[in-house]
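**Q** Could you work out the structure for the sequence below:
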Amino acid sequence: MGRGRQKAKATKQARDMKYFSPATDLSALERELAGGSGSRGGDYSAVGDGSDEFEYSDYADKYADYVPEDGDDR
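**A** Numbers count the residues shown, from 1 in each chain. Purely as a prediction, here's the structure:
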C-alpha cells in the first residue's frame, strides 16, 4: 500500500474513533460511583495507613559501608 493510501486509511480510522459514541448505561455508572452493595470494587480502607511505608533510614544504616566496585557508578 502506498503512503497516500496508508495515510488516508489512518485518517479515516482516527475520524471513526473520534466520532464514535457507544451507548452509555448511566444507571450502571451511577451505581458504580455511588459504591452501592452491587459494587465489585475492593476494600481500600488499608491504603495509606502507613504500616508498610518505605523507611529510608533502615536501608541507609544497612548499606552505610557499601563501596561500589570499579566501573559501578551507583
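**Q** which helices and strands does the longest helix along the chain pack with?
**A** Longest helix in the chain by number of residues (criterion: DSSP state H): helix 3-19. Helices and strands touching helix 3-19, by 3 or more C-beta pairs under 8 Å, 6 or more residues apart in numbering; DSSP states H and E: there are none. Just so you know, the C-beta spots here come from the backbone N, C-alpha and C atoms, and that holds for glycine as well.
**Q** list the buried ones in the helix or strand following that helix?
**A** Scanning forward in sequence from helix 3-19 by DSSP states H and E, the next helix or strand is helix 26-34. By neighbour count with 16 or more other C-beta atoms under 10 Å, helix 26-34 contains no buried residues.
**Q** can you dump the C-alpha coordinates of helix 26-34 into CSV?
**A** Extracted in CSV, the C-alpha atoms of helix 26-34 (Å, rounded to 0.1, in the frame of the first residue of the first chain):
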residue,chain,number,x,y,z
LEU,A,26,-25.9,5.9,33.0
SER,A,27,-27.7,3.9,35.7
ALA,A,28,-24.8,1.4,36.0
LEU,A,29,-22.3,4.3,36.1
GLU,A,30,-24.3,5.9,38.9
ARG,A,31,-24.4,2.7,40.9
GLU,A,32,-20.6,2.3,40.4
LEU,A,33,-19.9,5.8,41.5
ALA,A,34,-22.3,5.6,44.5
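**Q** any idea which helix or strand comes after that helix?
**A** Per DSSP H and E, the first helix or strand lying C-terminal to helix 26-34 is helix 56-62.
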